[in-house]
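Student: Here's my sequence, what's the structure:
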Amino acid sequence: MRNRIRTTALAATALLAALSLTACGGNDNANDSKAGAAAPAANATTTTPHTDKDAKDTKDAKETGSGTAQAPAQNASTTSKGSTGGSKSGKSSAGSTGSGSKSPVTCTGSNTKVTVTKVSRPINHLLLTATNTGSAPCYAYHAPALGFDDAQAAFPVLRDSIPQAVVTLEPGQSAYASIGLSGEPDGQELHKGTHLTVYFTGKANQGSTGAPAKLTLPAGTSWGDNGFVTYWQSEMADALMY
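Tutor: Reported below is the predicted structural model:
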């Protein structure tokens, strides 16, 4: 009887110990469950700052992108100003050229240097050269009017030598005219000459204009009444072909 009671007491003790262990295990499991449940919350909390940072980085990236987008616009503006500046420069240059250039005038003895020389070919010819010494272009209209010494009659002009256009001389450029000292027929009376006066004509070709050029003829020059003078030419060869 005593042994049976003892056995029952031991069994009760074992049962209580088992229940106690079960309770502890339940608590441990509950704690583990709570820890497991808390973990996602912690992860959520950790994720939230990461998202804010990403948002900030995204914002910074947008701001950086906005700054990058402004650079071409600034360059375009600079290019546009450069183009405008170029146009102004071109306009200024054109304006300077326009204001610096002078309107053409008529060639006269005052704005040209005139020379007379004897040539070997063709024979019995002299060459007149008029060089623009002025600061403005000048027109060498028609043909020069010649006066040998004290001759009263006008020296004949060769109409066949009319150029296609009026000869225009820029400063430093020259016009040419040839003088045929004697024409056909041969055997005409020749006059010894020492001086030559060269008159310039205007656009209307009505008499002389401006100051004439007074020249000394090459030694031994003789001229006839049937001689001629050509129109002013832009090339020496064109003047000497007659």
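
Student: Now for the protein, the helix or strand with the poorest mean pLDDT.
Tutor: helix 2-100 (a mean of 41; mean pLDDT, DSSP states H and E).

Student: Correct me if wrong: S174 contacts T133.
Tutor: No. Using Cβ atoms under 8 Å, S174 is not in contact with T133, being 10.4 Å away. Any C-beta I mention is one placed from the backbone N, CA and C, and that applies to glycine too.

Student: So what pairs up with K113 in the strands?
Tutor: Beta-bridge partners for K113, by DSSP bridges, are T131.

Student: likewise the one 4 residues further on?
Tutor: Beta-bridge partners of T117, counted by DSSP bridges, are L127.

Student: Near E170, how many other residues are there?
Tutor: Taking other Cβ atoms under 10 Å as the neighbour definition, E170 ends up with a count of 11.

Student: Give me the distance between it and P104.
Tutor: E170 is 9 Å from P104, where distance means Cβ to Cβ, to the nearest Å.

Student: host element of the spatially closest residue to D225 that is not a sequence neighbour?
Tutor: The shortest distance from D225 to any non-neighbouring residue, by Cβ to Cβ, 6 or more residues apart in numbering, is to Q188 (6.5 Å). Per DSSP states H and E: Q188 is located in neither a helix nor a strand.

Student: I figured Q188 hits W223, correct?
Tutor: No. In this structure Q188 lies outside contact range of W223 using Cβ under 8 Å: 10.1 Å.

Student: Which one's more surrounded, these two?
Tutor: Neighbours were counted for Q188 and for W223 using other Cβ under 10 Å; W223 has more, 23 against 13.

Student: doesn't H191 make contact with the more buried one?
Tutor: Yes. If you go by Cβ under 8 Å, W223 and H191 touch, sitting 5.6 Å apart.

Student: which residues do the two both contact?
Tutor: Both W223 and H191 are contacted by F148, under the criterion Cβ atoms under 8 Å, 6 or more residues apart in numbering.

Student: shared neighbours, E170 and P104?
Tutor: Common neighbours of E170 and P104 (criterion: Cβ under 8 Å, 6+ apart): P137.

Student: sorry, back to before: ok, S174 and T133, which is more surrounded?
Tutor: S174 (20 against 14).

Student: Now do the contacts for that one.
Tutor: 129-132.

Student: Likewise for S208?
Tutor: Neighbour list for S208: 145, 199-201 [criterion: Cβ under 8 Å, 6+ apart].

Student: any idea which element I179 lies in?
Tutor: Element membership for I179, per DSSP H and E: strand 174-180.

Student: do you know how far K118 is from H125?
Tutor: 8 Å.

Student: Mind checking which of these two has more residues around it?
Tutor: With neighbours defined as other Cβ under 10 Å, K118 and H125 compare such that H125 has more, 20 against 15.

Student: ok, the more buried one touching G183?
Tutor: No. Assessed by Cβ under 8 Å, H125 is found out of contact with G183, at 11.2 Å.

Student: what number of residues lie near the closest residue to A136 other than its chain neighbours?
Tutor: What sits nearest to A136 in space, not counting adjacent residues and going by Cβ to Cβ, 6+ apart, is K102, at 3.6 Å. Per other Cβ under 10 Å, the neighbour tally for K102 reads 11.

Student: gap between K102 and T115?
Tutor: As defined by Cβ to Cβ, K102 lies at a distance of 25 Å from T115.

Student: for T216, same thing?
Tutor: The gap separating T216 from T115 is 10 Å, by Cβ to Cβ.

Student: so who does A140 touch?
Tutor: With Cβ under 8 Å, 6+ apart, A140 has these contacts: 107, 130, 166-169, 175, 200, 232.
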